[in-house]
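Undergrad: Build me a model from this:
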Amino acid sequence: MSISEKNKGNFYIFLTALLWSTGGILIKFIPGSAVAINGARSLIALIFFCIYRKTVKVKVNGWILAAAVCLVLTNLLYVLANKMTTAANAIVLQYTAPVFVLIWDCIYRKKKPTGRQCIVVLMAFAGMVMFFFDQLDGGQMLGNIVAIGAGLSFSGVFFINSLPKASSKDSSMIAFFLSFLISIPFLGEVGKMNGTAVAALVVLGVFQVGLAYVLFDKGAKLTSPVSASLIGLLEAVLNPVWVFLFYGEKMGKYALIGAGIILAAVVWNTVSPDSGENG
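TA: Now for the predicted structure:
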């Protein structure tokens with residue numbers, strides 16, 4: 001794989017993380033349960049995907065179904081974790097994903113991780129912990145375990161979609177449809193929303209989910225799953241940045257230090273000559 005292809009893939013994943021990171025701001029404008037919001041945005045994203053692909057047909061195989069299940073589980077477990085532990089704990093523990101991705105990559109390709117890979121992952125995770133150091137507390141143990149489960153399933157989204165027989169476009173469409181089905185009992189809440197909430201919901205479905213996964217599909221095939229999951233960490237860094245810019249919540253000194261560590265890890269991983277290898 002050429003350096004240009006790797007960098008293109010990394011850029012697509014960066015744009016994906018940028019779009020993902022807008023979720024927190026948009027959801028602030030939408031009342032109702034997380035399950036209803038997730039189901040409604042998934043339906044909008046599914047419609048967007050069908051228009052973009054000009055078809056409702058999807059290819060199905062074991063890898064595609066596995067990736068779809070991982071995506072559904074990631075969304076559900078993250079919502080559940082937020083109900084059972086602190087929001088900071090939930091997002092920090094979900095972003096253990098790069099650690100799991102590195103493990104899956106080593107097992108699948110039957111090779112040991114390089115020293116650089118191990119250091120980059122440790123830097124990224126250390127940065128996440130620092131980023132939320134001021135807010136992190138013990139939380140409820142079960143909620144923390146559920147959040148780690150979200151990280152495990154999130155790693156599957158990155159890793160499985162990097163495999164030759166996978167298709168993130170098809171798995172995303174299947175996942176959006178399943179998420180919509182699960183949310184049907186809660187969708188009555190959408191009819192009670194005002195115009196601002198509906199507009200935010202449409203933006204959420206089209207851009208934060210739909211367009212994001214179009215870009216993710218492009219990037220997942222051009223860069224390694226470890227690189228993709230590490231760049232994806234920027235979502236958790238940028239999310240509170242938007243909150244600061246639009247709502248005035250200031251970031252603490254530990255958050256700023258953590259953000260710097262994560263950015264350093266991502267940049268190092270991106271520019272390193274072997275970071276784009278897929279084995």
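
Undergrad: residue furthest from the geometric center of this structure?
TA: K192 (28.7 Å; CA atoms, centre = their mean).

Undergrad: From V35, how far off is that residue?
TA: As judged by CB to CB, to the nearest Å, K192 and V35 stand 15 Å apart. Yep, even glycine has a C-beta here, placed from its N, CA and C like the rest.

Undergrad: swap in K221?
TA: Note on K221: its distance to V35, by CB to CB, is 31 Å.

Undergrad: same check, this time on A90
TA: Distance of A90 to V35, given as CB to CB: 15 Å.

Undergrad: okay, the two: which has more neighbours?
TA: A90 (26 against 20; other CB atoms under 10 Å).

Undergrad: S227 is in what secondary structure piece?
TA: According to DSSP states H and E, S227 maps onto helix 225-232.

Undergrad: returning to that earlier point: looking at the residue farthest from the centre of the chain now. What's its pLDDT?
TA: Predicted confidence (pLDDT) for K192: 89.

Undergrad: List the contacts of it.
TA: Going by CB atoms under 8 Å, 6 or more residues apart in numbering, K192 touches P31, G32.

Undergrad: That one and L204: what is the separation?
TA: Going from K192 to L204 by CB to CB gives 17 Å.

Undergrad: A255 now?
TA: 25 Å.

Undergrad: in stretch 53-69, what's buried?
TA: The neighbour-count check on stretch 53-69 (16 or more other CB atoms under 10 Å) flags V58, W63, I64, A66, A67, A68, V69 as buried.

Undergrad: Show me what it is in contact with.
TA: With contacts defined as CB under 8 Å, 6+ apart, stretch 53-69 is touched by 50, 153, 156-157, 160-161, 163, 165-175, 178.

Undergrad: Any regions of the stretch 1-150 of the chain where pLDDT drops low?
TA: Where the stretch 1-150 of the chain drops to pLDDT under 70, the residues are 1-3, 86-89, 131-140.

Undergrad: for it, what spans make up the helices?
TA: Under the criterion DSSP state H, counting those that start in this stretch, the stretch 1-150 of the chain contains helices at 3-20, 23-27, 34-53, 62-84, 87-94, 97-109, 115-131, 141-160.
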